Structures are given as C-alpha cells and as structure tokens.
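Trainee: here are the coordinates; sequence isn't available:
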C-alpha cells in the first residue's frame, strides 16, 4: 500500500493513499503517534495516540494540530485493522511557522482582552446597581423626613395660639385706655381755656407731650 506524506509544516501534514477495493463499503483509519522510537510491528491500533475515520470515497486526509520539530509515525488501514509496515510512514514536522505563531499570539491577546472587558462590564454593572439602589433609598427616606417634620401637637398649638391671642388683646386694651385718657385730658384743658383765657399765658403743650414728661408715680413716690 503506497502511502505518501506531503505538504509537511510545523503543525500539519497531508497523507495520501491508494483506494482499496476491500474498503469500498467501509472506511479508512488514519492513525498517528508522536516521538516514534519502535518498529510499527510491535504496536497495535490501540497504541496510537490519535485515530481518525475517513470515508471510503476519499483517498487523502489533512492531519492537523501536530507538534513542530517532532517525529511522527502515520498509518492508514481499512476498518480499524492493526497496521503493517507497508501501511505506515515516518515523517518529521518542520519548525513552527512564524505566521501561525503570530496568529496564536493574536488569538491569545484577543482572548485576554475579551476576558478583561467582560470582567470590567460586570464590575461596572455591579457599581451601577449599587448607586441606583442607594439613590432610590435616599429618595424614599426624604418624604418620610418631611412627613415627620409636618407632624404637630394639637395641645401645644392651641396653647401657643391662646397665649398669642391673650397678649394681642392686652396690647389692644392698653392702647385703648391710653387714647381715652389723652382724649379726657385734652377735653379738660380745652374747657379750662374757654372758661379762663388768662390761665393759659404760656403756650399750651399737647396733653400727650405733658403726659410723657410728667414723672410716673412709682412705688417710692409717696416716701419722697
């Protein structure tokens, strides 16, 4: 069975084999193993690290995810049979392709960036939720404070209003008495002037002014 391995790179290789009439109604098994150090006759199908099943209509297969600078043994059999020496080939992978290395680094950087972005979004969502919760809580507490300050005691309000009314009535009563006294004094003085015009030789002062300058009788006036 003439098996050919070609287009070998650091990570891939293409294996080609001739189609067999015995496998027309079955499948092919492509088996490969790295770091090969023994003859193929000493290994069974279960000794290979990888095994791929290929439809019988195909006669080639792309082997991927190989390790660079590694020796591989690859065998192709029909219906998962144990391989023989003419069904196997040994090949060496090349050095890693710079383009594939750059692609892997870009993929790694992209994965790290996506993970960090997702973490930042989660943190921002948690902070936003906390701020909104605190803001809503403060808004709920403000109406309660206003309602508490608006509460009033009927007894205290009534006593304050009664005291204010009594004080206002007292002020009004004193004003009325003062005005009545001034009117009485002015009438007496006017009557005196009419009866005896010579009694008012000096300019007559208003009753209010004389009343303001006259000393008020205190508790010690009788003693003096």
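Mentor: Looks like it arrived, so ask away. Predicted model, so just to flag it, every value in this text is computed and none were measured.

Trainee: helices of the protein, start to end?
Mentor: According to DSSP state H, the chain carries its helices in the segments 98-150, 154-195, 207-213.

Trainee: count the residues that sit near the nearest residue to residue 27 once chain neighbours are set aside.
Mentor: Nearest residue to residue 27, sequence neighbours excluded (CB to CB, 6 or more residues apart in numbering): residue 53, at 5.1 Å. C-beta: built from backbone N, CA, C; applies to glycine. Applying other CB atoms under 10 Å, we find 12 residues neighbouring residue 53.

Trainee: repeat for residue 75
Mentor: 27.

Trainee: kindly confirm whether my reading is correct that residue 87 touches residue 78.
Mentor: No: between residue 87 and residue 78 there is no contact under CB atoms under 8 Å: 9.0 Å.

Trainee: if we can go back for a sec, from memory the residue nearest to residue 27 sits against residue 29, does it?
Mentor: Yes: judged on CB under 8 Å, residue 53 makes contact with residue 29 at a distance of 6.1 Å.

Trainee: find the residues that touch each one of the two.
Mentor: Residues touching both residue 53 and residue 29 by CB atoms under 8 Å, 6 or more residues apart in numbering: residue 80.

Trainee: so where's the chain uncertain?
Mentor: Low-confidence segments of the chain (pLDDT under 70): 1, 37-43, 97-102, 144-166, 168-173, 175, 178-224.

Trainee: what bridges to residue 55?
Mentor: residue 27 (DSSP bridges).

Trainee: okay, now it: neighbour count?
Mentor: Counted with other CB under 10 Å, the neighbours of residue 55 add up to 9.

Trainee: then residue 117?
Mentor: Counted by other CB under 10 Å, the residues lying close to residue 117 total 10.

Trainee: what distance do you get for it to residue 34?
Mentor: Separation of residue 117 from residue 34 (CB to CB, to the nearest Å) stands at 37 Å.

Trainee: same check on residue 140?
Mentor: Between residue 140 and residue 34 the computed distance is 68 Å (CB to CB).

Trainee: who has more neighbours, the two?
Mentor: Between residue 140 and residue 34, counted using other CB under 10 Å, the more crowded position is residue 34 (13 against 9).
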